[in-house]
Structures are given as structure tokens and as C-alpha cells.
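# below is the structure, and that's it, no one-letter string:
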């Protein structure tokens with residue numbers, strides 16, 4: 001069953017084969033969970049949203065509200081993204097504060113750092129970058145995360161966000177400009 005395409009697994013699930021959905025779920029769960037976590041940066045909230053997203057996916061599949069155009073993962077990612085945005089807006093209105101995770105997602109350049117002093121300096125730089133990215137407008141932050149963490153191409157980001165390619169490129173450009181300004185204003189040495 002693992003050799004079947006997403007489309008074939010969905011068809012089997014709709015016909016009543018729950019094992020097909022389990023294969024589909026295990027195939028994509030890590031990428032979907034990671035995308036949710038990178039948006040909310042809270043494991044408990046990411047777990048809740050992840051469950052809600054799959055409840056919604058199951059409901060839509062069972063009720064025939066999935067248009068099978070061969071893009072299951074982008075469809076689920078869009079549902080997850082929209083749910084995260086809704087949660088963010090809701091939490092922003094009521095002022096919920098979440099603990100930040102100390103896990104470092106900005107290690108993009110492999111290094112062979114051996115001393116503890118260098119490890120501390122690298123960790124501080126990554127934390128500073130993470131804080132700066134968190135200060136970006138939501139649309140810019142989303143593009144930066146999707147590009148640098150998910151490794152998506154700009155055309156894939158455009159598809160995921162229902163934006164055109166030029167809009168996505170513009171958001172990345174402005175994100176980089178804003179990051180440079182914040183680094184200069186805060187006189188950070190990264």
C-alpha cells in the first residue's frame with residue numbers, strides 16, 4: 001500500500017479502507033506538523049492544531065469536499081496554514097503569550113565549531129535572528145520560514161499561499177530589507 005500515490009490512497013480511503021488513510025497520514029505528518037510548529041512555536045498548540053487540521057481533512061474527504069487534482073499535500077498545508085493564521089489572530093486579540101522554544105531553527109550554515117565559547121556565540125546569533133524574523137510582518141515571516149525551513153521554491157510558496165510569484169518574491173525582498181534594517185538599528189554582530 002505504501003507504493004500507492006496520494007490520489008490512489010485517497011480513493012481507497014473514500015471507499016472505506018482506513019489503512020489507506022494511515023499510510024497517507026504517516027507519509028505527510030512530519031512535514032505538516034513541522035510547518036504548524038514553525039508558525040506557532042509552541043508544541044502544545046502545534047499538537048492541538050495538527051489534530052484539528054486532520055479532523056478537518058477527514059471530514060472533507062468523507063463528505064466529498066476534496067477536489068482530487070493530485071495536490072493533496074499542498075491542500076492540507078493550506079488548511080494548516082489558514083488554521084494557524086486564525087489561531088494567531090485569535091490569540092493576538094486575547095493577548096495569549098506563549099513560551100519560546102530554545103530549539104534553534106536557524107542553523108543554515110554547517111560549521112565545525114568545537115569550543116564552547118563559539119557554540120555560545122553561534123547560539124546567541126541564531127536566537128537574535130529568530131527574534132528578528134518573529135518581528136517581521138506575518139506575510140514576510142511566512143515566506144522566510146517556508147523558503148529557509150521547508151526548503152520550498154518560490155513558485156511552491158506562491159502556490160501554498162495562493163499568491164502570485166511576484167508577490168512572494170516581493171515579500172522575501174522586503175523581509176530581507178527589514179532584517180538588514182533591524183540588524184543595523186540594533187547594531188547586532190551576527
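Sure, I can see it. These numbers come from a predicted model, not from an experiment. Numbering: from 1, shown residues only.
# next up, the contacts around the residue positioned nearest the centre of the chain.
For the chain, residue 35 is the residue whose C-alpha lies nearest the centre (Cα atoms, centre = their mean; 2.4 Å). Residues near residue 35 by Cβ atoms under 8 Å, 6 or more residues apart in numbering: 77, 80, 81, 146, 150. Every residue, glycine included, has its C-beta placed from N, CA and C.
# run a quick neighbour tally on the last one.
Neighbourhood size, residue 150 [other Cβ atoms under 10 Å]: 16.
# give the contact list for it.
Neighbour list for residue 150: 31, 34, 35, 38 [criterion: Cβ under 8 Å, 6+ apart].
# tell me the secondary structure at it.
Here residue 150 is coil, with the state taken from DSSP: H, G, I helix; E, B strand; the rest coil.
# could you report the pLDDT at it?
pLDDT for residue 150: 70.
# still on that earlier bit, make a ChimeraX selection of the buried ones in the contacts of residue 150.
Command for ChimeraX that selects the buried part of the contacts of residue 150, burial taken from 16 or more other Cβ atoms under 10 Å:
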select :35,38
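# closest one of the contacts of residue 150 to residue 69?
residue 31 (19.0 Å; Cβ to Cβ).
# these two touch, right, that closest one and residue 72?
No - contact between residue 31 and residue 72 fails when scored by Cβ atoms under 8 Å: they sit 11.7 Å apart.
# gap between residue 1 and residue 72?
Remark: distance between residue 1 and residue 72 (Cβ to Cβ, to the nearest Å) = 15 Å.
# more neighbours: these two, which one.
Neighbour count, other Cβ under 10 Å: between residue 1 and residue 72, residue 72 has more, with 20 against 12.
# now do the contacts for that one.
6, 7, 10, 24, 28, 66.
# which residues touch the residue lying closest to residue 23 once chain neighbours are set aside?
Leaving aside its sequence neighbours, residue 23 sits nearest to residue 1 (Cβ to Cβ, 6 or more residues apart in numbering; 5.2 Å). Contacts for residue 1 were tallied using Cβ under 8 Å, 6+ apart; they are 9, 12, 19, 20, 23.
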